[in-house]
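would you be able to build a 3D model of this:
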Amino acid sequence: MISNEQIEQKQKGLTTQVENYETLKFYKSYRGIAAILTAIYAFATPWTGIMFVGLLLVLAFFTFKGKVWAMIPLYLYLPFLLFIQLSLIAMDTVDTTLLTLNLLACVVVLRYVFLAHKIERLRKIQKIS
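Have a look, this model is predicted:
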């Protein structure tokens, strides 16, 4: 069970991200980490074509810029790639080790994309208030 201290610590981290949005280094902000991990994922997935690498890099760039419309396709696209790999495993054309690594990478990337999306939502709420 999550303690109150852990909840407060998470809230403090989110508040810090929102308050220091413009001043945080790109590798310390959730949007920057999400963009870096998405770019690494694009180049580390060996079976995707150049078009897919380009698409992921464009989405990574706009995720770094804080565009929510670029984060939402990542929620759909990365699990879709895993689904394709599962179907290829069913046809015995892909090694299961590759699927395991991609599953782990997908979870890590999507976690930071989710956190970046949450920060953008909090910023929007803060602007309205």
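
so how far is Phe62 from the nearest residue to Leu99 once chain neighbours are set aside?
Counting by Cβ to Cβ, 6 or more residues apart in numbering, Gln85 is the residue found nearest to Leu99 once chain neighbours are left out, at 5.0 Å. No exception for glycine: its C-beta is placed from N, CA and C like everyone else's. Taking Cβ to Cβ, to the nearest Å as the measure, Gln85 falls 25 Å from Phe62.

these two: which is more packed in?
Using other Cβ atoms under 10 Å, the more surrounded residue of Gln85 and Phe62 is Gln85, with 21 against 17.

buried ones in the host helix or strand of that one, by neighbour count?
Counting by DSSP states H and E, the element that carries Gln85 is helix 68-90. Buried residues in helix 68-90, counting neighbours by 16 or more other Cβ atoms under 10 Å, are found at 70-71, 73-74, 78, 81, 85.

let me have those residues in TSV, extended by distance to Phe52 and pLDDT.
As requested, these are arranged in TSV below (distance: Cβ to Cβ, whole Å; pLDDT from 0 to 100):
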residue	distance to Phe52	pLDDT
Ala70	15	93
Met71	17	92
Pro73	12	91
Leu74	12	89
Leu78	11	83
Leu81	8	78
Gln85	13	75
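
between those, which sits nearest Ile36?
Ranking those by separation from Ile36, with Cβ to Cβ as the measure, puts Leu74 on top at 13.2 Å.

give the contact list for the closest one.
34, 38, 59, 63, 109-110, 113 (Cβ atoms under 8 Å, 6 or more residues apart in numbering).
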